[in-house]
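**Student:** need a structure here:
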Amino acid sequence: MRNLKQAVITVGGRGTRLKNLTQECPKPLFPINGISTLERAVRNLSEQNILHFILLVNYQSEKFLETSQILQNKYDVLIDIYREDKIMGEAGGLVEISDKLDDFFLFLNGDVIFNISLIKLWDFHQRNDSDLTLITHTTNHPEDSDSIIESPNLSINKFKLKNETSIEKGFFLGNAGIVIISKKIVEFVKSKSLNSPLQAFKDFSIFGHENKFKVFSYNTSEYIKDMGTEERFKQVCKDLKDGLVEKRSYRNKQRVIFLDRDNTLIKCKKGEYINDYKQVNFFHNRIRSLKIISENYDFIALITNQPQIAMGYVSWQDVINLNGEIINECLDFGLEISCFYLCPHHPHGGFENEIRNLKTSCFCRKPLPGLVLQASFERNIDLKNSLFIGDSLKDKECAQKANIPFKWAHLLESSPQI
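**Tutor:** Numbering: from 1, shown residues only. Next up, the predicted model:
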């Protein structure tokens, strides 16, 4: 299949929350450390073979026309302008330009500062034969974020809009504002004559999912942050200055903390399994220590065996939801966990409600290193300069097999400086 070659950037908003800083300059054209958000997007994507850009503009469209001419020459790309005569929402313009769209294209907001590996994103999209791939990441404000819960195969199981409340607490993955969309979804939305304004999350991701399109979540720890408020603007400026934006890209090697879950992060009695959040009891001192240690690494990944899934004690989806609740609780303590990898298998039979296709010897069950190697491939991890923290000999052996330094979890109680 052909590579991803086209990006549509929505830049039509008025940016009222940043007016004190930007004055009359459109937000995507306002320089951050000397370079506008729009130019950063064109530069980053053109380096990764995006050659055709379409800008959806409304407010001060003439300024975008002038800037697009400069960027075309500077980065040797084609930039088309579509001017919206009325407010259509961030994604409403897509239905008007459907005849100009590739079969698949990248869609993003013009106020997002990011540095992602398109190769890895596109590989994920192709492997899953996805119609729409939504980039997601751990959100530090899940209560007011557009967010999702993944399914075991990484398709999206549930959506939550930021103005909705939910009794479920597993929504830790927020919408990052970047998505690969199939042209056929755009044409389907167009055929339904949905009322403007249209949003990518609600009117393409959720609507596509509800109408049986294949919609997947691509969870990344790479740097993606909108600079739509003064507080976020200041944070983005600092992160750019510190080199964090480039460092967190999967185009560069990542240093990671691999973290066991049961009896490392949360308490679990021997011979028992954590199947419900009511059973969760954190090692709070360890979380405080982990927060300090994590400042020297790029992100944290949970690596956990959950054989009770194969035994039939709990569903795979229930464990995914539970992990989301645990990650959200850790965020309240100031510890950010970006992702989790779990093994659902168990090699021995004889359980009343066991799931037979999961009763197998596998390469992902610790002490074998399958989950670690999977994470390393997907996220370009530097294993030798990462760290595995666990409580068992299985954890230690897994670390040794993957050539990762290992530390015992109980040492976090007394010495955070590992």
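**Student:** C-alpha from now on. contacts and neighbour counts both.
**Tutor:** Noted.
**Student:** Wait, L331 touches T138, no?
**Tutor:** No - the criterion here is CA atoms under 8 Å, and L331 misses it with T138 at 9.2 Å.
**Student:** buried stuff in stretch 90-109?
**Tutor:** Neighbour-count burial for stretch 90-109 flags 90-95, 98, 101-102, 104-109 (criterion: 16 or more other CA atoms under 10 Å).
**Student:** Can you get me the start-to-end distance on that stretch?
**Tutor:** 7 Å (CA to CA, to the nearest Å).
**Student:** pLDDT averaged over it, what's the number?
**Tutor:** Stretch 90-109 shows a mean pLDDT of 96.
**Student:** Off-centre distance for that stretch?
**Tutor:** Distance, stretch centre to chain centre, for stretch 90-109: 21 Å (CA atoms, centre = their mean, to the nearest Å).
**Student:** Overlap of the contact sets of L331 and T138?
**Tutor:** I337 (CA atoms under 8 Å, 6 or more residues apart in numbering).
**Student:** Please say which of these two ends up with more neighbours.
**Tutor:** Neighbours per residue (other CA atoms under 10 Å) separate L331 from T138, with T138 holding more: 24 against 18.
**Student:** Tell me if I'm right that the more buried one and L173 touch.
**Tutor:** Yes - the pair T138 / L173 is scored as a contact, 4.7 Å apart, by CA under 8 Å.
**Student:** can you list the domains in the chain?
**Tutor:** 6-245, 253-413 (automatic domain parsing).
**Student:** And the ones you listed, which one averages the lowest pLDDT?
**Tutor:** Looking at those, the bottom one is domain 6-245 with a mean of 91.
**Student:** Run through the residues that contact L240.
**Tutor:** Each residue near L240 by CA under 8 Å, 6+ apart is listed here: 33, 246.
**Student:** Show me the buried residues of stretch 90-109 that map onto strands.
**Tutor:** 104-109 (DSSP state E).
**Student:** Report the beta-bridge partners for the closest residue in space to F406 that isn't next to it in sequence.
**Tutor:** Nearest non-adjacent residue to F406, counting by CA to CA, 6 or more residues apart in numbering: F388, 4.8 Å away. Here F388 sits in beta bridges with F258, F406, going by DSSP bridges.
**Student:** list the contacts for F388?
**Tutor:** Applying CA under 8 Å, 6+ apart, the residues near F388 are 257-260, 395-396, 399, 404-407.
**Student:** Check E378 too.
**Tutor:** If you count contacts by CA under 8 Å, 6+ apart, then E378 has K120 around it.
**Student:** could you redo the last one with a cut-off of 7 Å?
**Tutor:** With CA atoms under 7 Å, 6 or more residues apart in numbering as the criterion, no residue contacts E378.
**Student:** same check, this time on V186
**Tutor:** Listed by CA under 7 Å, 6+ apart, the contact set of V186 reads 94-95, 98.
**Student:** and of those, the nearest to I320?
**Tutor:** Nearest to I320 out of the contacts of V186 is L94 (CA to CA; 33.5 Å).
**Student:** For H209, see how far away that closest one is.
**Tutor:** Distance of L94 to H209, given as CA to CA: 18 Å.
**Student:** can you give me the strands for the stretch 301-418 of the chain?
**Tutor:** Using DSSP state E, counting those that start in this stretch, the strands of the stretch 301-418 of the chain run over 339-343, 387-390, 406-408.
**Student:** Quick one: distance of the longest strand anywhere in the chain to the chain centre.
**Tutor:** Longest strand in the chain by number of residues (criterion: DSSP E): strand 173-182. Computed by CA atoms, centre = their mean, the separation of strand 173-182 from the middle of its chain amounts to 8 Å.
**Student:** could you say what helices and strands that strand packs with?
**Tutor:** strand 104-109, strand 132-138, strand 147-150 (3 or more CA pairs under 7 Å, 6 or more residues apart in numbering; DSSP states H and E).
**Student:** Give the partner strands of the second one in its sheet and their orientations.
**Tutor:** What that stands for is strand 132-138. Sheet pairing of strand 132-138 (DSSP bridges) gives strand 173-182 (antiparallel), strand 215-219 (parallel).
**Student:** Sort out which residues of the longest one are buried, please.
**Tutor:** To tie it back to what came earlier, the one meant is strand 173-182. Here strand 173-182 shows 173-182 as buried, counting by 16+ other CA under 10 Å.
**Student:** Likewise for stretch 247-264?
**Tutor:** Quick answer for stretch 247-264 (16+ other CA under 10 Å): 247-251, 253-264.
**Student:** before we move on, what about stretch 194-205?
**Tutor:** 198, 200-201, 203-205.
**Student:** could you show me where the helices are in the stretch 101-250 of the chain, in order?
**Tutor:** 118-127, 183-191, 200, 207-210, 230-241, 244-247 (DSSP state H, counting those that start in this stretch).
**Student:** Figure out which of these is closest to Q317.
**Tutor:** That would be helix 207-210 among the helices of the stretch 101-250 of the chain, by CA to CA, at 17.5 Å.
**Student:** And for the closest one, what's in contact with it?
**Tutor:** 185, 215.
**Student:** buried sites along that helix?
**Tutor:** 207-209.
**Student:** do stretch 267-280 as well
**Tutor:** Quick answer for stretch 267-280 (16+ other CA under 10 Å): 268, 274-275, 280.
**Student:** May I have it exported as PDB, CA atoms only?
**Tutor:** Extracted in PDB, the C-alpha atoms of stretch 267-280 (Å, rounded to 0.1, in the frame of the first residue of the first chain):
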ATOM      1  CA  LYS A 267      -0.700  -4.800  46.800                       C
ATOM      2  CA  CYS A 268      -1.900  -8.400  46.000                       C
ATOM      3  CA  LYS A 269      -2.000 -11.300  48.400                       C
ATOM      4  CA  LYS A 270      -0.300 -14.500  47.300                       C
ATOM      5  CA  GLY A 271      -2.500 -16.800  45.300                       C
ATOM      6  CA  GLU A 272      -5.100 -14.100  44.700                       C
ATOM      7  CA  TYR A 273      -5.900 -11.900  41.700                       C
ATOM      8  CA  ILE A 274      -7.000  -8.200  41.500                       C
ATOM      9  CA  ASN A 275     -10.200  -8.300  39.500                       C
ATOM     10  CA  ASP A 276     -12.000  -5.200  40.700                       C
ATOM     11  CA  TYR A 277     -10.900  -1.700  41.600                       C
ATOM     12  CA  LYS A 278     -12.300  -2.200  45.100                       C
ATOM     13  CA  GLN A 279      -9.400  -4.600  45.700                       C
ATOM     14  CA  VAL A 280      -6.800  -2.000  44.700                       C
END
